[in-house]
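1. pasting the structure only:
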């Protein structure tokens, strides 16, 4: 299981990428962020800091 970012709620602040211990979160061409599910360890750190609650567990 991995976390996923809802692109409709993501504001591109980058807070999630800053706290990710595996560096599996990266920006897309439109300035939003995505999580690489193959590298996500499901720690939830990203979801805790997201100001728009755009991140949820899948």
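-> That came through, no problem. It should be emphasised that the depicted structure is a prediction, and the values quoted were computed from it without experimental measurement. Numbers count the residues shown, from 1 in each chain.

2. where along the chain do the strands fall?
-> Along the chain, the stretches classed as strands by DSSP state E are 3-5, 25-27, 33-35, 55-57.

3. need those strands in CSV with mean pLDDT and mean neighbour count, can you?
-> C-betas here are computed from N, CA, C, even on glycine. CSV is the format used below for the strands of the chain (pLDDT from 0 to 100; neighbours: other C-beta atoms under 10 Å):
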stretch, mean pLDDT, mean neighbour count
strand 3-5, 97, 20
strand 25-27, 98, 16
strand 33-35, 98, 20
strand 55-57, 96, 16
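
4. Quick check: which of the ones you listed is nearest to residue 48?
-> Comparing these against residue 48 with C-beta to C-beta, the closest turns out to be strand 55-57 (8.7 Å).

5. Show me what the closest one is in contact with.
-> 1, 2, 3, 4, 5, 6, 16, 35, 42, 44, 46, 47 (C-beta atoms under 8 Å, 6 or more residues apart in numbering).

6. One more pass at 7 Å, please.
-> Strand 55-57 is contacted by residues 1, 3, 4, 5, 16, 42, 46, 47 when judged by C-beta atoms under 7 Å, 6 or more residues apart in numbering.

7. Same list (the strands of the chain) but as JSON lines, adding distance to residue 12.
-> JSON lines is the format used below for the strands of the chain (distance: least, C-beta to C-beta, whole Å):
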{"stretch": "strand 3-5", "distance to residue 12": "10"}
{"stretch": "strand 25-27", "distance to residue 12": "7"}
{"stretch": "strand 33-35", "distance to residue 12": "7"}
{"stretch": "strand 55-57", "distance to residue 12": "13"}
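
8. Quick one, which of these gets closest to residue 11.
-> Shortest distance between residue 11 and those, using C-beta to C-beta, is found for strand 33-35: 9.6 Å.

9. Centre of the chain to that closest one, how far?
-> Centre-to-centre, strand 33-35 and its host chain are 5 Å apart (C-alpha atoms, centre = their mean, to the nearest Å).

10. Give the pairing partners of that strand; include direction for each.
-> Here strand 33-35 is paired, per DSSP bridges, with strand 25-27 (antiparallel).
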